[in-house]
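Q: Need coordinates for the following:
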Amino acid sequence: MNVTLRQLHVFRAVALERNFSRAGDGIGLTQPAVSRSILELESQLGVKLLDRTTREVALTEAGQALALRLDRLLDELDQMLLDVGGLARARRGKVRVASSPTLSANLMPQCIAACGEREPGIQLVLLDRIQQDVLGSVRAGEVDFGVVIEPQDAEDLHQEPILQDPFVLVAPESHPLAKAASVRWPTLSGRPLVLLDHASGSRRLIDAALERHGTRCEVAQELGHATTVFRMIEAGIGISVMPALALPPGGIPGLAVRPLRPTVERDIVLVHRRNRAPSPLAQRVWSLIHDVAAGMRRQQGVSPG
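A: From the prediction side, this is the model:
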């Protein structure tokens with residue numbers, strides 16, 4: 001059965017007016033179009049709904065049964081469609097976003113501030129978690145979407161790059177490598193490194209870059225937080241390879257930051273469950289984070305994703 005909403009609205013108009021021409025005038029259709037719609041509806045239902053004479057239109061028993069229920073059903077449907085349409089226009093509510101630590105510290109604050117300015121009716125709730133927990137929260141539907149470092153084995157997630165973040169050398173200002181304007185990866189060989197641990201989305205990328213460039217280093221410490229890495233460098237435990245966004249905007253007194261050549265970057269991506277689009281409200285925050293990332297690219301010269 002392929003009954004259309006238009007056919008039901010036409011039938012309701014005819015049932016009220018008991019006249020094809022007047023019904024057509026009321027809903028903006030010609031009399032032939034009204035007649036054709038009624039014939040199609042009767043054909044789909046397999047029953048006659050109207051008795052037509054030259055003087056009047058009368059409802060059959062089946063037509064009366066349909067007309068009695070149709071007003072309430074169409075009114076409820078209209079209200080439901082209005083309610084659903086209202087969701088797309090909604091500007092108030094809560095959006096939950098999970099983010100890995102370096103991004104929570106150095107990308108999401110700007111996003112939360114921008115949300116407060118541009119979308120004051122939206123409360124952006126941030127869950128600061130290690131990468132695998134962020135992905136787990138997205139998959140479980142605990143959050144609307146996540147902000148992570150290019151995940152592996154994530155075919156079940158829709159990924160959208162927003163930013164590329166280069167890896168840099170961080171060393172004491174007195175360190176010999178800090179005297180160069182930039183540092184090539186092989187020159188790190190033989191030097192103790194203090195790195196983020198494997199819970200970080202960046203660690204596998206750092207390990208791959210070291211191996212690809214033939215760099216052989218001792219990992220002196222593996223740590224979960226960027227701030228701890230910086231304290232270890234200050235104490236002379238070693239030097240580090242870190243994503244640029246992990247560094248405070250004003251730098252760290254006593255520590256030098258140098259580009260690594262050739263450039264190796266990590267992709268920062270937004271993720272949500274594949275085939276499960278975020279709500280209209282969450283889509284507004286998704287777009288806002290895109291805009292903030294674009295602004296960072298313009299201000300800092302970071303490559304676009």
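Q: Show me which positions of stretch 235-246 end up buried.
A: Applying a neighbour-count criterion of 16 or more other CB atoms under 10 Å, one finds 238-246 buried in stretch 235-246. Every residue, glycine included, has its C-beta placed from N, CA and C.
Q: okay, how far is it across that stretch, tip to tip?
A: For stretch 235-246, the first-to-last residue distance is 19 Å (CA to CA, to the nearest Å).
Q: can you map out the helices along the stretch 51-200 of the chain?
A: Using DSSP state H, counting those that start in this stretch, the helices found in the stretch 51-200 of the chain span residues 61-89, 101-106, 108-118, 131-140.
Q: How far does the third one sit from its chain's centre?
A: The reference is to helix 108-118. 15 Å (CA atoms, centre = their mean, to the nearest Å).
Q: Just list what that helix packs against, helices and strands only.
A: Using 3 or more CB pairs under 8 Å, 6 or more residues apart in numbering; DSSP states H and E as the contact criterion, the elements in contact with helix 108-118 are strand 122-128, helix 280-300.
Q: Any chance of a markdown table for the ones you listed, columns mean neighbour count and distance to Arg261?
A: Putting the helices and strands packed on helix 108-118 into a markdown table (neighbours: other CB atoms under 10 Å; distance: least, CB to CB, whole Å) gives the following:
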| stretch | mean neighbour count | distance to Arg261 |
| --- | --- | --- |
| strand 122-128 | 16 | 32 |
| helix 280-300 | 17 | 18 |
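Q: what's the closest of these to Asp51?
A: Shortest distance between Asp51 and these, using CB to CB, is found for helix 280-300: 47.0 Å.
Q: Give me the angle between the closest one and helix 61-89.
A: 30 degrees (axes from the mean of the first three to the mean of the last three CA atoms, to 10 degrees).
Q: about what we covered before: distance to Ser21 and mean pLDDT added to the helices and strands packed on helix 108-118, as JSON lines?
A: Listed next are the helices and strands packed on helix 108-118 as JSON lines, based on distance: least, CB to CB, whole Å; pLDDT from 0 to 100:
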{"stretch": "strand 122-128", "distance to Ser21": "51", "mean pLDDT": "92"}
{"stretch": "helix 280-300", "distance to Ser21": "42", "mean pLDDT": "87"}
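Q: thinking again about what came up before, so which of the helices of the stretch 51-200 of the chain gets nearest Ala256?
A: When the helices of the stretch 51-200 of the chain are compared by CB to CB, helix 101-106 sits nearest Ala256, at 18.7 Å.
Q: elements contacting that closest one?
A: Using 3+ CB pairs under 8 Å, 6+ apart: helix 101-106 touches strand 122-128, strand 145-149, helix 226-234.
Q: could those be laid out in JSON lines, adding distance to Pro262?
A: What follows is the helices and strands packed on helix 101-106, written out as JSON lines (distance: least, CB to CB, whole Å):
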{"stretch": "strand 122-128", "distance to Pro262": "32"}
{"stretch": "strand 145-149", "distance to Pro262": "20"}
{"stretch": "helix 226-234", "distance to Pro262": "23"}
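Q: mind checking which of these is nearest His213?
A: His213 sits nearest to strand 145-149 of all those, at 19.8 Å, using CB to CB.
Q: which other helices and strands contact that closest one?
A: Where contact means 3+ CB pairs under 8 Å, 6+ apart, strand 145-149 is packed against strand 93-99, helix 101-106, helix 131-140, strand 265-273, helix 280-300.
Q: quick one on the thing from earlier: now, of the helices of the stretch 51-200 of the chain, which is deepest in the fold?
A: With neighbours defined as mean count of other CB atoms under 10 Å, the helices of the stretch 51-200 of the chain peak in mean count at helix 101-106, which reaches a mean of 21.
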